[in-house]
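Asker: here you go, sequence then predicted model.
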Amino acid sequence: MIGGALGSRATLVQFSSAFCTPCRATRALLENIVTDMHDVTHVEVDAEAQLDLVRKLNILSTPTTLILDPSGREVGRAVGAPKREQVMTALAAIRQ
């Protein structure tokens, strides 16, 4: 559904668009976070190429990052460029 494998603890699904400057910063942040976490993955979705998914998940702007649990259920959402602390807090709330 999201274009990548789910992480064993969590998956960060980032919806981006080509000309979105905050999307690049979000990508760098999320890639940095998952570097040291073997059980968390980052998947980037091109919002313009996946309009059906964007509509289904009610993505209204880019970047939007969904935090999914191991079963793929949304447990958190950040609209706009998230802060590191925001992402880390959401990940800490998911049982390992």
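Answerer: Nice, I can see it. Keep in mind it's a predicted model, so treat the numbers as computed, not measured.

Asker: just give me the neighbour total for Asp46.
Answerer: 16 (other Cβ atoms under 10 Å). All C-beta atoms are positioned from the backbone trio N, CA, C, and that covers glycine.

Asker: for it, phi and psi?
Answerer: phi -80, psi 110 (degrees, to the nearest 10).

Asker: how near is it to Val13?
Answerer: Remark: distance between Asp46 and Val13 (Cβ to Cβ, to the nearest Å) = 12 Å.

Asker: ditto for Asp69
Answerer: Applying Cβ to Cβ, the value for Asp69 to Val13 is 12 Å.

Asker: so where's this structure uncertain?
Answerer: Within the chain, the stretches with pLDDT under 70 are 1, 96.

Asker: all strands of it, in order?
Answerer: 10-16, 40-46, 64-68, 74-79 (DSSP state E).
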